[in-house]
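> Sequence and predicted structure, then a few things I'm wondering about:
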Amino acid sequence: MIDSLWQDIQYGFVQITRRFKLSLAIIFCIALGIGPNTTLFSMFNSLLLNEPAVMAPEQLVSIHKYRPGKEGLPTFTYPDLVDFNDQVSQLEGILGFSYQSASVSMPEGPEMLPVEMATSNFFDLLGVQPLYGETFHRQTSQAPGSMPVVVLSYSFWQQRFAEDKSVVGRKIKLNGSDMTIIGVMPADFTGALGAFGSKMWLPMVMMNIIDPDSPARLISRNDNWIIPVARLAKNATLESVNQEMATIDSKLQAQYPETNEGNTHRAVPYSNIPFIPETARSMVVFGASLVVGLILLVACSSVAALLLSRATERRQEISVRLALGAPRYRVVRQLMIENLMLALVASVVGFIFSLWAVVVFKQSLPAEIPFQLSLDPSLDANMLLYTLGAAFLSSLLFGLVPALQATKTDLFSALKEQPQAGGTQVQSSKLRSFFLITQFSLSVFLLVIAGLTIKGLHNSVNINPGFDATNLLTFKTDLSLYGYLDDEKTAYSQRLNHELASLAGVESVVISRTPPMSGDKTATLVSSFNEAMEAGEETRTFYSIITPGYFATIGAKLLRGREFTLDDQSYLSPKVIINQAMAKTLFVGTDAMGKYLSVPSSDDAFEIIAIAENIANSSIGSMDEPYMYIPLGQRFDHGLVYVVRTEQDPALLIDNVKAKIAELNPDIALNMIETMTDTVSRSLFSLRALAIATSGLGLLALLLATIGTYGVVSYSVKLRQHEIGVRLSLGAQPRALVFMLMSSGLKLIIIGCVLGLGLSFVAGELLSPMLSGVGPRDPLVFILVPLFMLSLSCLAIYFPARKTSRVDPMLALRYE
């Protein structure tokens, strides 16, 4: 058995090298099909399958909180976390953490970095030891502000401290507060979630230096800001844990009915990304897998067509082997070994492609994500099994049917080098038709999806956002992190405004809580007053806090009314500006100017002094959302964004802005200082990534379908060579023969296009809500894609048809 397998491998290698160009084409096609699949699995492997580098990771579980009518999410309030840890016995304990950002003072200046706030039992429950120094432990003090220590990640220690072992014991400033470095973690430890990490870990009791609202968050049973992970106790199971947690929930519901009524907690299998709901996670995995799976299917269909073409050349060889007594299964096995060898080489090429693709993906991620994404595309056991599985599956998909077809031959006609006849020819023709229709239906489907997303991206880029994004610079500061009180914040903001306005090239400076295209939203409930000053029905709307001159600075229009003035910032006479969408929502058929609004957070009535044009406040898709603007003096928020209008390229002023801020307070770090054009570009990241991915996959499918079409037509015209010779000898014109061959191929391609458009109708309905100004059946896309496919397929059919039409009739008929 082993000897015969080795003979098949040797013979397969000979056949592959003998037909080297055809083998390269097959490897190229399958590599294009396997590459996207391997790339996607590499990301899923890092995000979903890789276990964290902790002790006994199989004993970890996630804790989800369930509310009536809502899907469970991995959230905990701090008081509930403390109560559960005190009462649970089926768990060794529950740790908690939260991703935050902090200003870290470095020699080159302060910098905003992702940090992780963790409970004191964090490292103990994970069972990890530091590389140097120590970590904080569960026995340490739980009093707020009592543990001014920090543990560094390996990457941060390596990049910023040049692997200096003496860093333990040094002081480092976070948000202006001195913290002591007590340890450095190993390189493979990224945190409780395998693919998501931070630059450093701080005890949760030091939350006061990260969030000025932390005293309230540490006692609130409504604020679900902690991500929990637990470790099973010895001999405990998920069922026993959940029974105990149900009992604890009942006690807490009875003790705190106002906040805990209806809330339940359950232990679920550990997940690397627990904060994404399971339904959404499943939909993303299914959708992405479906698309790349279609690419592999197109590739296999194309290669199957090429193998049918090769079977034509090898039909006599296979017939001789069968005629001499070789069992059919042995010939099929030998052909499948050839296919598997080709697929293995293609898998290696596909894996190399995935290494490059993951690196490109990581480099293209937005810089503002509040954690460190650790995508590792290395070849571990999961990747090795998947790569081998992809090679085996693809060899079956593209090789089995052609191998069976090649060995199901009419020996008499094959040995005479004549076309196959009877039922065998009919079955072969049906297979070729099936491959061709499959390729084009899937290719049209992917290209239509790509066309819709590209048009949506084009519309989003070219739509008028309601403001002028050129020559705008934005940056964010949160003075509360540095201990500023409200009066001090006001004084600092006024002074910074004055200093920035004095810079050469600066036209104006304003402040906003959420500037245009920021991606942030803050909602509230408002209602309008009638003439009797009675509040009407409440409506949900979004709002921002701004300073006078905001609309002029960002280049937005006020349709009616005026901007805020310094006098409007007084609490004595609250004023508000609303947008068109809010005016149409709250004041149907009446004039909103001069009317009043009721806001739940205030007892006063807000007078409407202006109506602004709709602006893309959080994203392009938010232009039609109700929105209102409140003066900064009436409501001071923690994180505020400065918007600077410049006379020149705003990027040239970044260093000058940083210098001015450093003069006022060298510990304050700027968060996300960037030009507004960069902000707009960043806001379109997800749509741009989708457009690039779908267009790239669509073009891959197009290329594979074209190669497959050429192979199918080449095979078909070879089978009809005798018929073509007879027609030519009877006086048929080559042009007429080319038309005949092309028409038969184009019929199948048209059928494939129609089926592809049908699939696209369904997908367009799902995709349309994500796209700006693009309907699910956009006529331009649904017309151009099939026309383009038909044009390209005409070329793929024309060249082999023309070559066959020029054959010597005597050569085609010499064996008859």
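Ah, there it is. Numbers count the residues shown, from 1 in each chain.
> make it CA atoms for all contacts and neighbour counts henceforth
Will do.
> Run a quick neighbour tally on Phe398.
With neighbours defined by other CA atoms under 10 Å, the count for Phe398 comes to 28.
> tell me the phi and psi of it?
Note on Phe398: its backbone torsions stand at phi -100, psi -10 [degrees, to the nearest 10].
> Can you verify my assumption that it contacts Ser301?
Yes: with contact defined as CA atoms under 8 Å, Phe398 and Ser301 form a contacting pair (6.2 Å).
> Can you tell me the closest non-neighbouring residue to Leu252?
Spatial nearest neighbour of Leu252, excluding adjacent residues (CA to CA, 6 or more residues apart in numbering): Asn260 at 6.5 Å.
> Now do that neighbour against Leu91, distance only.
21 Å (CA to CA, to the nearest Å).
> the more surrounded of the two?
Under the criterion of other CA under 10 Å, the comparison of Asn260 against Leu91 puts Leu91 first, with 26 against 19.
> which residues sit in contact with that one?
By CA atoms under 8 Å, 6 or more residues apart in numbering, the residues touching Leu91 are 230-233, 236, 241.
> now, which of the residues you listed lie within helices?
Counting by DSSP state H, the part of the contacts of Leu91 found in helices is Val241.
> where does the stretch 101-250 of the chain dip in pLDDT?
139-142, 194-195, 213 (pLDDT under 70).
> domains of this protein?
Split into domains by automatic domain parsing, the chain comes to 2-40+280-460+686-813, 57-271, 472-647.
> Please name whichever of the ones you listed is nearest to Met676.
Closest approach to Met676 among the domains of the chain (CA to CA): domain 472-647, 5.3 Å.
> so which strand or helix has the residue nearest to the spatial centre of the chain?
Taking CA atoms, centre = their mean, the centroid of the chain lies closest to Ser686, which sits 6.7 Å from it. Ser686 is part of helix 685-719, with elements assigned from DSSP states H and E.
> Helix or strand next in line after that helix, which one?
helix 721-729.
> Next, the buried residues of that following helix.
721-725, 727-728 (16 or more other CA atoms under 10 Å).
> which helices and strands does that helix pack with?
If contacts are counted by 3 or more CA pairs under 8 Å, 6 or more residues apart in numbering; DSSP states H and E, helix 721-729 sits against helix 779-805, helix 809-813.
> mind redoing it with 10 Å?
Contact here means 3 or more CA pairs under 10 Å, 6 or more residues apart in numbering; DSSP states H and E; on that basis helix 721-729 packs against helix 685-719, helix 734-767, helix 779-805, helix 809-813.
> What residues sit buried inside stretch 472-490?
Residues 472-483, 489-490 are the ones in stretch 472-490 that count as buried (16+ other CA under 10 Å).
> Ala504 - that's part of a helix, no?
No: under the criterion used here (DSSP: H, G, I helix; E, B strand; the rest coil), Ala504 is coil, not part of a helix.
> follow-up on the earlier one: mind picking the two most distant members of the buried residues of stretch 472-490?
Leu472 and Gly483 (29.1 Å).
> those strands in the stretch 251-400 of the chain, which residues are they?
For the stretch 251-400 of the chain, applying DSSP state E, counting those that start in this stretch gives strands covering 264-269, 372-373.
> Of those strands, which is nearest Ile545?
Across those, Ile545 has its closest neighbour in strand 372-373 (30.7 Å, CA to CA).
> mean confidence for that closest one?
Across strand 372-373, pLDDT averages out at 59.
> From Ile797, how far out is the residue nearest to Leu737 when sequence neighbours are not counted?
In space, Leu737 comes closest to Ser805 once its chain neighbours are excluded; the distance is 6.2 Å by CA to CA, 6+ apart. Noted for Ser805: a distance of 12 Å to Ile797, by CA to CA.
> shared neighbours, the two?
Both Ser805 and Ile797 are in contact with 738, 741, where contact means CA atoms under 10 Å, 6 or more residues apart in numbering.
> which one of the buried residues of stretch 472-490 is nearest Val641?
Of all the buried residues of stretch 472-490, Val641 sits closest to Lys476, with 4.3 Å by CA to CA.
> For the closest one, give me its contacts.
When contacts are taken as CA under 10 Å, 6+ apart, Lys476 is in contact with 511-514, 639-643, 669-674.
> Most neighbours among these, which one?
For the contacts of Lys476, neighbours were counted using other CA under 10 Å, and Ala669 has the most, 27 neighbours in all.
> Check whether that residue sits in a helix, strand or coil.
Under three-state DSSP, Ala669 comes out as coil.
> Confirm for me that it is in contact with Lys658.
Yes: counting by CA atoms under 10 Å, Ala669 touches Lys658, with 8.7 Å between them.
> Could you tell me which residues touch both of these two?
109-110, 475.
> now the helices for the stretch 551-700 of the chain?
Taking DSSP state H, counting those that start in this stretch as the criterion, the stretch 551-700 of the chain contains helices spanning 580-586, 654-664, 676-683, 685-719.
> Tell me which of the ones you listed sits most buried.
Sort the helices of the stretch 551-700 of the chain by mean neighbour count, taking mean count of other CA atoms under 10 Å, and helix 685-719 sits at the top with a mean of 22.
> And it, what does it pack against?
Judged by 3+ CA pairs under 10 Å, 6+ apart, the packing partners of helix 685-719 are helix 20-44, helix 278-323, helix 328-364, helix 422-462, helix 676-683, helix 721-729, helix 734-767, helix 779-805.
> Give me the buried positions along the third one.
Of all the residues in helix 328-364, those buried under the rule 16+ other CA under 10 Å are 331-355, 357-358.
> other SSEs contacting it?
For helix 328-364, the packing partners by 3+ CA pairs under 10 Å, 6+ apart are helix 2-18, helix 20-44, helix 278-323, helix 381-407, helix 685-719.
> Swap in 7 Å and give it another go.
Applying 3 or more CA pairs under 7 Å, 6 or more residues apart in numbering; DSSP states H and E, one finds that helix 328-364 contacts helix 2-18, helix 20-44, helix 381-407.
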